[in-house]
Structures are given as structure tokens and as C-alpha cells.
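**Q** with the sequence up front, the predicted model follows.
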Amino acid sequence: MSSSTLDYSLAGLSQSEFDLICEKLCREPNLLELAMFGVMWSEHCSYKNSRALLKTLPTGGNAILQGPGENAGIVDIGEGLAVVMKVESHNHPSAVEPYQGAATGVGGIIRDIFTMGARPIALLNSLRFGELDKSRTRYLFENVVKGIGDYGNCMGIPTVAGEIYFDDHYAGNPLVNAMCVGIMRHEEVKYARAKGVGNPVMLVGATTGRDGMGGAAFASVELTEQSLERKSAVQVGDPFMEKLLLEACIELFKTDAVIAIQDLGAAGLTSSCCEMASRGRSGIKIELSCVPRREEAMTPVEIMLSESQERMLVVVKRGREKEVGSIFEKWGLSGTVIGEVTDDGLFTVLERGKVVASLPARLLADDAPVYTRESTRPAYLESVGLFDLHEREDMNIKETLIALLARPTIAGKEWVYSQYDHMVRTSTVTVPGSDSAVLRIRGTDRAIALTIDGNGSYCYLDPFRGAAIAVAEAARNLVCSGARPLAITDGLNFGNPEKREIYWQFKETIAGLAAACNVLGTPVISGNVSFYNETETGAIFPTPIVGMVGVIEDISKVTESFFINEGDAILLLGENTHELGGSEYLRMLTGKTIGECPAIDLEREKKVQRLCLEAIERRLLNSAHDCSEGGLAVALSECCFGKGLGAKIELNDTLPIDALLFGEAQSRIVVSLDESKLGSLLGLAGEFGVPVQVLGRVDRSELKIDVCGREVLSVPVGELEARWKGAIECAMRS
Amino acid sequence: MKATVYVTLKNGIADPQGLAVRNALDSMGFDGVKRVRIGKIIEIELEDGCLDETKVEEMCRSLLANTVMEDFTFEMSGEKR
């Protein structure tokens, strides 16, 4: 075949990969087979650049029922119940078509959850955009939020929490990471392992069209002007169809007719068939003429690579097709038998009886080459840690605080979450705005707490620390609600891993995640890697996103982040430091991400969290709020916002005032409690070996801060809150 | 002057709205409907002599059609209202 040189590069494969395929097959693949290898061995499906390092993450534990490798991870939450969760990126599609890109990202992650046998009960998201002063960014932001909201709202699944950062490193390549959480009883788990020779393979849901052709390969290259023109990659979501699919599948699971089930995501029929066969150590044979299509004259390549949304592949017990078919019919869907399970280990594709592709399922699904790349510490790190601030002492604290509160990254996100239905299904106990979302688990006294966190700026300055902080902060957020952290799902967003500096960032990030997960006892149960987040102007900040679930055994102990009683004592668990590096305050002043990433002492972090959790357990606290972006002053302001109270604070630290108020030192929690419980808390802090200090008292409507006897701030909370609340809406109207 | 702009989904882009309408027609007893695709018509009244076809095309590209997913055509007519 003289044209094969051209063929494999078009399929996105390298010469050595092509040679390996020929060697394993003992022949050259045909064009269809080459296209199938192209998508399955793309970074997006094969994780060829990340697999070696991902193996170093802790993934097991007593509560872990299913780690990475299935469609989603599963963790035990007690009383025979389990939480299923996963985060997934949809960055490239959202850069091209923000509304549909974000919507189909949500649709995809929901399918991953109910595929496991669980009912999806909550959605979260983590977003990154450029600064809002550009109209393109506002267009992307507005439509991504709308796409997320519309899909979740139509499905009747509440979007309960999220996080957003704005920085121009994401201007051309926004990040859209969607997370879904489901619940089920342990015994209800379903696996995607095709078994039992002769069992029929059914395709259910939407018809197959040319939309999203080769999206997996598309997500594995850098974004260029040319790729923005690659219009065929746009998939359109249909949440109503997905709702029918969800309900039909849940009803189907109540029968024992299902052997295996998997959704069709990236690489469509190709990936779902070969992965199910590979996991089941079996084979699958399908007949293309049986696949219901939406368009005329589709070629085998187009059918096999189509990424049409809202489709599922189900292996059912032979003889039960009618029963399964009637359940789908009830929900207005058609399930079509397109093939059967075999025992030859092959994924065979027929077109009107003629074999058009026949490949070892395992080779296609799991045996892509694994690369460990060369890594080099990026040169920018030599200079980025240094900064010199002038006129720090005579700055106006009030103006600085107000400006900081109005930074879109810190400002209230009501403009965003008011577009999401966060109450549907009425299990949401703590609504967006607190440190984590809390959902009641019906039929028990339990609740789960959910959060999603990540700080790309920290990771840019020090990926190891930044990644460890992402885990620590997620856990801290859960602990502030009174939840015991259980497990994480990680969304890893990076530039081109073939570049040494990017691979170094990735390597350090994985090491940081592993270190924090080990100390804090939260294994990784699922996740997603998105590479090639680059444009002509450079790579994004290395951005690991951590989605975390925790359990609250007694729902009456759920704690919120807001002060609730005038007169309560306000305490800081942890310690203020001189650190300013990587802070939003520095970025505001200099326009740059500079300084040294805040230090993280994981053992200290663990102690602070244990103290907070134990204090909530003993009902000592009335509120708990983690101190993060914007530092202590922003954290105190946020504590005041919820209930319209104020605070009178007296600080005696002899630190530079900006570091004290706006520095982002880690392992700090602001709590409030009744005066009468102060002794107990101080005693407990002594037992845990955690430094604490009394900051002041919850007051009426003003935030007053004295430092070493000098008043530095006195401002009505209403004034702060108005700027904080209105900032994003204001930016979007300009 | 009047410009009439027709915006339609590109071939191959799924149309859930069109599908819902097709299914509704089917369930109402209108047999034989194979496919429904939904687009929109935009009528723009222009001041005489101010805007030409190039400008209308620019309007379509930058606002009226989402060219990532949609095609557009338009016609100009001289009738005054």
C-alpha cells in the first residue's frame, strides 16, 4: 500500500505507532482499521502520555469500591450506599462552540454516572476563562454557563457547586470541566464488561450522524485557527433524549437482563465496543447496516467514528431482547440489536455481511504505547518567584479590599449559579455560596458534601505545591461543612506533553496530588486528562482540578460558612504568615502571577482539618470558612455576607499588613462559636497541636479590623457585599 | 431596502428541535414525514443606499448566524414599506 505513509499521519499516528500496529497484526491495517487505531490511540482515549504517571496515584482504600478503569469511580458512604463520581473536561469543543461544547460535556459525564447503575444527583463544574474585558471571553463565558445550565436543568439534576477563575492564560483555550455525582446501593453496580458468547449487543438512544466526527483526535492537538474552522467536530446535545435514556436505563437495571452497559463518548462506537470486549476478555461483532442513522450515504469510517450524543451500548442476556426492547419503547426510545458478543478476542465490523474491520479488542483499547517523556524544569521559574512592591505601607486598606472583592475570580458567582437549578429534587441542604454543597441522602440521617477546587496560578509557580493545595483546599472545604473527606476525582488540564517543560509540570503535579492524597487519606477514584490546551500564544497554566466527596453521618451537624449570631467569638484555626506569592492581591497590583507559591505543610493541614471536624462533631462551632483566594480579609468579608452581620477584629500579628490581610497562607479556617464554648475549643486545639487565635467578635453590620491597636478598616458590610455581588454582572453588561 | 436572511443548520448537525417536531407530527397522524430541520428567517429593513450586500454578509457572519454550526443565505429586495 503505497499511500500508507499519508494515511497514518492523517489518522494522527506516528511512524513507530504504525509500525507497532503492523507488527502486532502481522499485516497492514486497512483504512477503516487505521482510522479506528487513530482515535483509540489518540491521547484522549489511550492516555498514552499520562498513563505511566497516573499509576503512581493512590487509588485504593477501605471505602473504595471501584477505582479508575471503569466509567466512573465508586466510594462507600455507609448504610449500604455508594457514591459514583467523575470529572471530565470538554475544553476543546467549548473553545469552538461554547454552548454546545459545555452542554455535551455535561451530557457525557452524566452518562458516565448512570452507566454505572447510579442515579445522578448532582452536577459540579470548574471553569477557566480569560479576563472579562474582552468580548470573545464574555461570549465564551456567557454561553458555557448557559450550556451547562440548560443541560442540567432540562435533565432535572441540580448543579450544586463550582469554581471559576479568570486569567488571560486561558483566553484562547478556556477550560470546562464537568463533574457528576450519583448514588446507588452497593449491589446495584453495573460494569462495562461484555460477556457470554452470543449475547446480543444493542445500541440505544439517538441515531448516528456525522456530528463530532473524530472529536477524540481533535482534542489531542493544539488549537489553531484551522481547527476553529473544523466545523464537523461540533456535537449538539439533546438533554430530553438523555433524560429518557437515563430513566429507561434505571428501569432496565431493575431487571436482570443487562450484562454490561457503556455510553458512547469520544470515539463513539469504536471505543465503546472494543473497551467492553477488552474489559470482558471477550470479543464483539457488529453489523454496520443495523446501526440506525440520521444521514444518508454514511461510510463505515463515519459510522465508527461518529460522536453523536445520547447513545448507549448495552449487552443483554440472549432471549431477553423483547423485554429490553419494550422498556425502551415505553420511554420512546428504540433499542436496536447491532451485533453480539464473541469469544475470539476480536472486534469485528461487518458491512452487509462482509468483514470490513477485524482487530484484537485489547490491542485497540488498552495496548497503545505508553510514553514517559523527557522533562525539563521550565526557565520561567527562575524569575517568576521574585517581586518588589513599593508603597505597601500607606495603601488604603478599604479600597484595596473592595477592589479585591470585585475581582471576578473572587467576586460572588450569583450571576452564574442563578442560571442553574440547584434545588431540583429538593435534596440540596447547603446551596451555592458556602464552602461546599451538602446533599441529604434520603431515607438516612446522612448527607454528602461536594466540592471542586484547583488553582492554576499556584501550579504555574510550583506545580507540586499547587496540586497538593488543590487537594488540601478541597478537603478543607468539605471539613468546613462538617464532612469527612472520602475520595477525589481529578481533572488534569495541561499544554502539549510532548514539550519537556509541560511534561515536567505534569510530573510535578501528579507527585503533588499523590503526596496530598496519601496524607489526607483521599484516594483518586476516577479522573480525566486533557493535554494540548495551547494556542499560538502559549499553554494554559497547569491546572489540576480536584472534585471531592465527603460524608456527614448526622445531617443536623451540617455547618455553613457564614456568621450566624451577633456576639459569637471569631477564631482562626492555623496561622497567618508573611506569604504573598501567587495571591490574587499581587495579581491585581502587578497584573502578573508572581511570587513563591504558598507553602503547604500537609501534616499541619491534616491537624487543622481534624480539629475543625472534631469541633463540629462536638457541636462547638456555629460557622467555619476556609481562608483561600484573597486571604483573611476576604474570608472574613465572606463570613459576614450570608446573614448581613459584621465583625470586630483585632489582629496582633507583626506581619506586613498586606500579607496579613491579603496573603494566601494555607491551612487556615475562620470559625465562629458561642463564647461559652471557647474554652472547649481552645482545649481541643491544644490536644490536636494546632495554633489558634481569637480574632474578634461577630458584630452588627460593620466590618472593623484593628491591627496592633490601630484601626485599618471600618466599613459597612453592605458596601462590601454590593461590590462583591455585582461585579460579574457588571462586567458582563459592559 | 430589505434584506431577508435565512439561517439553517449545517448538514450533519443534529437538530433535536426538528426531531421533536417530526415525532409530534408523526404522533398526530401525519404519516410520511421523514425529517424536519428548523432554521430561522430574519428580516432587516435598511435605509436606502446605506448598506450593501457585503455589509449584510458581514452582519450574518458576525452576529446573525453562528457559522460554527449554521449556514446562511440572504436576498436583498428593493421594496419599501
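**A** Received it, and whenever you're ready, just let me know what you need.

**Q** can you tell me the SS state at residue 13?
**A** Chain wasn't specified; assuming chain A. For residue A:13, the reduced secondary structure class is coil; criterion used: DSSP: H, G, I helix; E, B strand; the rest coil.

**Q** excluding covalently adjacent residues, which one is nearest to it?
**A** What sits nearest to residue A:13 in space, not counting adjacent residues and going by Cβ to Cβ, 6 or more residues apart in numbering or on different chains, is residue A:38, at 5.8 Å. Placement of C-beta: from N, CA and C, glycine included.

**Q** neighbours of that neighbour, just the number please.
**A** Look at residue A:38: counted by other Cβ atoms under 10 Å in any protein chain shown, it has 28 neighbours.

**Q** helix or strand next in line after the strand or helix carrying residue A:250, which one?
**A** Counting by DSSP states H and E, the element that carries residue A:250 is helix A:239-254. Secondary structure here is assigned by DSSP H and E; on that basis, the next helix or strand after helix A:239-254 toward the C-terminus is strand A:258-263.

**Q** can you name the residues that contact residue A:151?
**A** Contact criterion Cβ atoms under 8 Å, 6 or more residues apart in numbering or on different chains gives A:102-104, A:106-107, A:237, A:239, A:242 as the residues in contact with residue A:151.

**Q** one more time with 7 Å
**A** Each residue near residue A:151 by Cβ atoms under 7 Å, 6 or more residues apart in numbering or on different chains is listed here: A:103, A:106-107, A:237, A:239.

**Q** re earlier: roughly how far does the residue nearest to residue A:13 sit from chain B?
**A** 20 Å (Cβ to the nearest Cβ, to the nearest Å).

**Q** doesn't that residue fall inside a strand?
**A** No - counting by three-state DSSP, residue A:38 falls outside a strand, being helix.

**Q** roughly how far apart are residue A:404 and chain B?
**A** For residue A:404 relative to chain B (Cβ to the nearest Cβ), the value is 35 Å.

**Q** can I take it that that residue is in a helix?
**A** Yes - with three-state DSSP as the criterion, residue A:404 is assigned to a helix.

**Q** dump the residue contacts of the closest residue to it other than its chain neighbours.
**A** Spatial nearest neighbour of residue A:404, chain neighbours left out: residue A:630 (5.3 Å); criterion: Cβ to Cβ, 6+ apart. Contact partners of residue A:630, counting by Cβ under 7 Å, 6+ apart, are A:404, A:410, A:584, A:662.

**Q** export the contacts of residue A:151 to JSON lines and tack on pLDDT?
**A** Conversion of the contacts of residue A:151 to JSON lines gives the following (pLDDT from 0 to 100):
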{"residue": "A:103", "pLDDT": "96"}
{"residue": "A:106", "pLDDT": "96"}
{"residue": "A:107", "pLDDT": "94"}
{"residue": "A:237", "pLDDT": "90"}
{"residue": "A:239", "pLDDT": "94"}
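
**Q** include distance to residue A:307, secondary structure and neighbour count when you put those into JSON lines, please.
**A** Supplementary listing: the contacts of residue A:151 in JSON lines, determined by distance: Cβ to Cβ, whole Å; DSSP: H, G, I helix; E, B strand; the rest coil; neighbours: other Cβ atoms under 10 Å in any protein chain shown:
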{"residue": "A:103", "distance to residue A:307": "14", "secondary structure": "helix", "neighbour count": "31"}
{"residue": "A:106", "distance to residue A:307": "15", "secondary structure": "helix", "neighbour count": "30"}
{"residue": "A:107", "distance to residue A:307": "11", "secondary structure": "helix", "neighbour count": "29"}
{"residue": "A:237", "distance to residue A:307": "11", "secondary structure": "coil", "neighbour count": "25"}
{"residue": "A:239", "distance to residue A:307": "17", "secondary structure": "helix", "neighbour count": "24"}
